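> Below are the sequence and a predicted model for it; my questions follow.
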Amino acid sequence: MAKQFIKGKTYVFTTKKFKKDFPNGKVINGSWITKCNGNKVAYETPESSHIGFYSILPRWCKCIDK
């Protein structure tokens, strides 16, 4: 789980990590979660970036750079 985005690295959003952020099971239902799954995140700041107009947090992503 990424604690912050690092400029130059590639991150993708995962629904699995997103759902772990809501352990009580109360996840906001919406097609955006499924729509963003596996998509690359566009770097904005170390704390928050985006996919389209959806704000994405680092803890919802995995780094795919080796």
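The structure has been received and is ready for your questions. What you are looking at is a predicted structure, and each value in this text was computed from that prediction instead of being measured.
> Phi and psi next, for Gly52.
phi 60, psi -130 (degrees, to the nearest 10).
> neighbours of it, just the number please.
Using other Cβ atoms under 10 Å, Gly52 has 10 neighbouring residues. All C-beta spots, glycine's among them, are computed from the backbone N, C-alpha and C.
> go on, Cys61?
By other Cβ under 10 Å, 24 other residues sit near Cys61.
> Next, find the distance separating it from Ile51.
Plainly put, Cys61 is 10 Å away from Ile51 if you go by Cβ to Cβ, to the nearest Å.
> quick one: low-confidence parts of the protein?
For the chain, the stretches with pLDDT under 70 are 1-2, 24-30.
> Let's see that with 80 instead.
In the predicted model, the chain carries pLDDT under 80 at residues 1-2, 22-31, 66.
> just the strands in it please.
Using DSSP state E, the strands of the chain run over 11-13, 49-51, 54-56, 61-63.
> Mean neighbour count, these: which tops it?
strand 11-13 (a mean of 22; mean count of other Cβ atoms under 10 Å).
> Against which helices or strands is that strand packed?
Counting contacts by 3 or more Cβ pairs under 8 Å, 6 or more residues apart in numbering; DSSP states H and E, strand 11-13 packs against strand 61-63.
> Confirm for me that Lys3 is in contact with Leu57.
No. Assessed by Cβ atoms under 8 Å, Lys3 is found out of contact with Leu57, at 10.1 Å.
> Quick check: beta-bridge partners of Ile51?
For Ile51, the beta-bridge partners under DSSP bridges are Tyr54.
> same deal with the one 10 residues further on?
According to DSSP bridges, the partner residues bridging Cys61 are Phe13.
> Go ahead and confirm it touches Tyr11.
Yes. Contact criterion Cβ under 8 Å: Cys61 and Tyr11 qualify, at 4.2 Å.
> Pipe the strands of the chain into CSV and attach distance to Asn39 per row.
Output for the strands of the chain, formatted as CSV (distance: least, Cβ to Cβ, whole Å):
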stretch, distance to Asn39
strand 11-13, 6
strand 49-51, 5
strand 54-56, 9
strand 61-63, 10
